[in-house]
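the amino acid sequence is not available; the structure is as follows:
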Ligand SMILES: O=c1ccn([C@@H]2O[C@H](COP(=O)(O)OP(=O)(O)O)[C@@H](O)[C@H]2O)c(=O)[nH]1
Ligand SMILES: O=c1ccn([C@@H]2O[C@H](COP(=O)(O)OP(=O)(O)O)[C@@H](O)[C@H]2O)c(=O)[nH]1
Ligand SMILES: [Mn+2]
Ligand SMILES: [Mn+2]
């Protein structure tokens, strides 16, 4: 099984993004979708998308503490995103799948784009697999660099190259057994910007050069860090969005309120 | 059959967007995907996506004249988009489907988001159907406004309300017979901004109040005008993109060059 962990929070395109993501994932056999809402309660519109997907799924919620929550106008990188939600999914796995002996865990954001071939690559993961990611980190592709013999010798990243793992969350998957045997491997608000991936991978006991390079020796791009544009909204609309209130019934349907 | 016409042009997320769109459309029975590239030649990467979709499809190309082509830094609304491509698809329909007696034609951009239920609505179209569209025109939803008896009495649009049809391209579908019986119903660069939809619908002989309101009396939103963010790129990267040259093999794979 692939355990596909998706943190998701309310924004104008949340319902649209989860809808199209569900149509990608529903093509994948043996995938369990763990969706963790950044909210106080499970949202019926998210529940409906999960149900309609016909996938095996788990629907959780875990709210980002308000002092860690970005404002609408903050640039997206000011604070880490998805920390509380991914941890909630990891704890669910530790509790519910403790007897499981095989499977792979992947962190798949709601607005990224996945080629179905990435899922076949994931199934090959022994401990931790890694592959190129399109349109991320200010580059067209971020990728491990391989030696002729196929081993990882470097990464092409530009931003904070000194990180233990200078890669994006979308670039790797780990065996579920590593999650079960390292219950302290969780994300944290207390790490420098860009160090979420590195901290997590260090805690599951992986070294950067021991990751398994996949996607035809990192020569193919099967996942893109797409982002859905925030449309220009009036002040009044921004207020409705941030307070999640004041929508007419049709607007509520469009946004999944 | 639904004839789903997608104009598409080279941009950083083109391959990603077409990939995820193909996973939506491949859930739809009896849909023929007409993809028209804004290019001098058919692109192998687009051909591969079409082939992998297992949908019935037609792959065309029609380049936007260079005096009508926007620059990378132009805001997206400076010039009409998709004119030449949609016309190419309409001409293909007139030539290849002249004997067809039923079916519906829809203009579906590569970066919008479609709920599968929109396709069931389309199949109900007699002449021209219309429905709400999410996140468009500076609003959360643009929609026809219905009277108690279910007839259209107005539209809620704010931008250029005076248009004969103040709606987005994603808001309507027309019967293929209207295309066949109105061969002059084509898009044009010579109409004021925002008048593409209106000019086309007038040419197929539809009146705004005679459109068939669908999606449960326009109470549901099954399509969103999402836009994929242009990521911040260096000058050098913008040049590679606009000239479509200078990519290394992995970048070329990421972008579908
Ligand atoms: O306050 C937040 C912000 C983001 N996210 C989720 O965390 C992931 C990454 O966020 P985003 O897509 O905004 O970040 P970026 O594209 O910049 O990596 C997405 O699945 C979001 O829905 C969240 O749960 N709470
Ligand atoms: O020069 C262009 C610009 C756009 N398009 C296509 O026309 C549609 C609408 O363009 P876009 O998504 O950029 O417009 P918007 O989202 O602003 O309506 C999309 O399918 C594009 O791929 C095109 O074929 N050539
Ligand atoms: Mn994102
Ligand atoms: Mn668009």
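Cool, the structure landed. Bear in mind that the values here come from a model prediction, so they are computed numbers and not experimental data. Ligands and ions are numbered 1, 2, ... in the order given.

phi, psi of the closest residue to residue A:39 other than its chain neighbours?
Nearest residue to residue A:39 in three dimensions, chain neighbours excluded: residue A:61, at 5.1 Å (C-beta to C-beta, 6 or more residues apart in numbering or on different chains). Bear in mind the C-beta positions are built from the backbone N, C-alpha and C, glycine included. When read as degrees, to the nearest 10, the backbone of residue A:61 gives phi -140, psi 150.

ok, what's across the strand from residue A:3?
Counting by DSSP bridges, residue A:3 is bridged to residue A:32, residue A:105.

contacts only, for it.
A:32, A:34, A:89, A:93, A:97, A:103, A:104, A:105, A:106, A:176 (C-beta atoms under 8 Å, 6 or more residues apart in numbering or on different chains).

now with 6 Å, please.
Residues in contact with residue A:3 (C-beta atoms under 6 Å, 6 or more residues apart in numbering or on different chains) are A:32, A:34, A:105.

closest to ligand 2 out of these?
Using C-beta to the nearest ligand atom, residue A:34 comes nearest to ligand 2 of the contacts of residue A:3, at 31.7 Å.

just to be sure, that closest one is in a strand?
Yes. Assessed by DSSP: H, G, I helix; E, B strand; the rest coil, residue A:34 belongs to a strand.

low-confidence stretches in the stretch 151-257 of chain A?
Along the stretch 151-257 of chain A, no part satisfies pLDDT under 70.

can you tell me the helix or strand for residue A:134?
Assessed by DSSP states H and E, residue A:134 sits inside strand A:133-136.

remind me what that strand packs against, helices and strands.
strand A:139-142, strand A:223-224 (3 or more C-beta pairs under 6 Å, 6 or more residues apart in numbering or on different chains; DSSP states H and E).

just to revisit the earlier point, please report the distance of the residue nearest to residue A:39 from ligand 4.
According to C-beta to the ion, to the nearest Å, residue A:61 and ligand 4 sit 31 Å apart.

quick one: contacts for that residue?
Applying C-beta under 6 Å, 6+ apart to residue A:61 gives the contacts A:37, A:39, A:42.

for those residues, which single residue is the most surrounded?
The most crowded member of the contacts of residue A:61, judged by other C-beta atoms under 10 Å in any protein chain shown, is residue A:37 (24 neighbours).

so it bridges to which residues?
Note on residue A:37: beta-bridge partners by DSSP bridges are residue A:8, residue A:61.

and it, how far from ligand 1?
In this view, residue A:37 and ligand 1 are 7 Å apart by C-beta to the nearest ligand atom, to the nearest Å.

looking at that residue now. What's its pLDDT?
Per-residue pLDDT puts residue A:37 at 98.

just the strands in chain A please.
Using DSSP state E, the strands of chain A run over residues A:2-8, A:31-37, A:57-61, A:104-107, A:113-114, A:128-130, A:133-136, A:139-142, A:144-146, A:152-155, A:172-175, A:212-213, A:223-224.

quick revisit: which one of the contacts of residue A:61 is nearest to residue A:244?
Among the contacts of residue A:61, residue A:39 lies closest to residue A:244 (C-beta to C-beta), at 8.9 Å.

now do the closest one against residue B:143, distance only.
Taking C-beta to C-beta, to the nearest Å as the measure, residue A:39 and residue B:143 are separated by 27 Å.

so does the helix ranked longest in chain A get close to ligand 1?
Longest helix in chain A by number of residues (criterion: DSSP state H): helix A:83-96. Yes. On the criterion C-beta under 6 Å from any ligand atom, helix A:83-96 is in touch with ligand 1 at residue A:85.

between that helix and strand A:57-61, how many degrees?
Between helix A:83-96 and strand A:57-61, the angle comes out at 130 degrees (axes from the mean of the first three to the mean of the last three C-alpha atoms, to 10 degrees).

in the stretch 151-257 of chain A, which residue sits nearest ligand 1?
residue A:227 (4.7 Å).

what's the spacing between that residue and residue A:75?
From residue A:227 across to residue A:75, the span is 12 Å (C-beta to C-beta).

now residue A:216
35 Å.

these two: who's more crowded?
Shown here are residue A:216 and residue A:75; by other C-beta under 10 Å, residue A:216 has more neighbours (12 against 6).

circling back: nearest to ligand 2, of the contacts of residue A:61?
residue A:37 (27.7 Å).

quick one: contacts for the closest one?
The contact partners of residue A:37, taken as C-beta under 6 Å, 6+ apart, are A:8, A:46, A:61.

now residue A:165
By C-beta under 6 Å, 6+ apart, the neighbours of residue A:165 are A:197, A:198, A:201, A:208.

if we can go back for a sec, got the buried residues for the strand holding residue A:134?
For strand A:133-136, the neighbour count (16 or more other C-beta atoms under 10 Å in any protein chain shown) marks A:133, A:134, A:135, A:136 as buried.

how about stretch A:97-117?
Buried-residue list, stretch A:97-117, by 16+ other C-beta under 10 Å: A:97, A:103-115.

same question, stretch A:146-166
Buried residues in stretch A:146-166, defined by neighbour count with 16+ other C-beta under 10 Å: A:152, A:155, A:156, A:157, A:163, A:165, A:166.

and stretch A:58-70, by the same measure?
Buried residues in stretch A:58-70, counted by 16+ other C-beta under 10 Å: A:58, A:59, A:60, A:61, A:62, A:63, A:64.

what distance do you get for the fifth one to ligand 4?
Read it as residue A:62. For residue A:62, the distance to ligand 4 - C-beta to the ion - is 33 Å.

helices of the stretch 151-257 of chain A, start to end?
Counting by DSSP state H, counting those that start in this stretch, the stretch 151-257 of chain A has helices at residues A:176-181, A:196-203, A:215-218, A:235-243, A:249-255.

out of those, which gets nearest to ligand 3?
Nearest of the helices of the stretch 151-257 of chain A to ligand 3, taken as C-beta to the ion: helix A:196-203 at 13.3 Å.

output the contacting helices and strands for that closest one.
In terms of contacts (3+ C-beta pairs under 6 Å, 6+ apart), helix A:196-203 is packed against no helix or strand at all.

show me the contact partners of it.
With contact meaning C-beta under 6 Å, 6+ apart, helix A:196-203 is reached by A:80, A:163, A:164, A:165, A:167, A:169, A:182, A:185, A:187, A:191.

now for the buried residues of strand A:133-136: which two are most distant?
A:133 and A:135 (7.8 Å).

quick check: neighbours shared by these two?
What both residue A:133 and residue A:135 touch, as defined by C-beta under 6 Å, 6+ apart, is the set residue A:225.

what's the neighbour count on residue A:127?
So residue A:127, with other C-beta under 10 Å, has 15 neighbours.

which residue packs closest to it, ignoring adjacent ones?
residue A:175 (5.5 Å).

bridged to that neighbour, which residues?
residue A:104.

for whichever residue of the stretch 101-250 of chain A sits closest to ligand 3, what are its contacts?
Closest approach between the stretch 101-250 of chain A and ligand 3, counting by C-beta to the ion: residue A:111, at 4.2 Å. By C-beta under 6 Å, 6+ apart, residue A:111 lies in contact with A:17, A:227, A:228.

so which of those wins on neighbours?
Counting neighbours by other C-beta under 10 Å, the top entry in the contacts of residue A:111 is residue A:17, with 24 neighbours.

how near is it to ligand 1?
In terms of C-beta to the nearest ligand atom, residue A:17 sits 8 Å off from ligand 1.
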